[in-house]
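Enquirer: How does the following fold in three dimensions:
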Amino acid sequence: MSTPPNELRRAKRRKVDAIDVTDTMTGQVVGHLSNLSETGMLLILGEKLVSDALYQMRFALPRPDGQLREVEVGAHELWNDEASAPGQVWTGFRFIDVSPEDVAFIREWVDAPGSQYV
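Expert: Numbering: from 1, shown residues only. Next up, the predicted model:
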């Protein structure tokens, strides 16, 4: 993805509830989506990940027909911060590798009618 840095934060971010995110290298669920845009995501984690590291992650988004579509992304961990809830960490990622088909699907999903934004 070649989004200019000043455009990364301008992307519309959809609130997300209870979608697990898996590290594809370990097969472990690392956290849950809090919000999602076509350029990145905010995760709620149980523990900090390695700062400034690259990750390959997968999550499933509901399609309009109710079925789930798996999306796989290469992501760069940009920042993390302790959440107010004990044992939780907010972590922000920017996408560095996503298939064009998945980018288009994420964009449509974020823009879907009835979505809530942050």
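
Enquirer: Could you pull out the buried residues of the longest strand anywhere in the chain?
Expert: The strand that spans the most residues within the chain, counting by DSSP state E, is strand 68-82. The neighbour-count check on strand 68-82 (16 or more other Cβ atoms under 10 Å) flags 71, 73, 74, 75, 77, 80 as buried. In short, each C-beta sits where N, CA and C put it, glycine included.

Enquirer: right, and the helix or strand after it?
Expert: Once strand 68-82 ends, the next helix or strand along the chain (criterion: DSSP states H and E) is strand 89-98.

Enquirer: after the helix or strand of the chain with the lowest mean pLDDT comes which helix or strand?
Expert: Using mean pLDDT, DSSP states H and E, helix 5-8 stands out as the lowest-scoring helix or strand of the chain, at a mean of 53. Using DSSP H and E, the next helix or strand after helix 5-8 towards the C-terminus is strand 14-15.

Enquirer: Show me what that following strand is packed up against.
Expert: Counting contacts by 3 or more Cβ pairs under 8 Å, 6 or more residues apart in numbering; DSSP states H and E, strand 14-15 is packed against strand 29-36.

Enquirer: Rounded mean pLDDT for the strand it packs on, please.
Expert: The predicted model assigns strand 29-36 a mean pLDDT of 98.

Enquirer: Phi first, then psi, for residue 107.
Expert: phi -60, psi -50 (degrees, to the nearest 10).

Enquirer: Share the number of residues neighbouring it, please.
Expert: 15 (other Cβ atoms under 10 Å).

Enquirer: Is it in contact with residue 38, as I believe?
Expert: Yes. Here residue 107 reaches residue 38: they are 4.7 Å apart, a contact under Cβ atoms under 8 Å.
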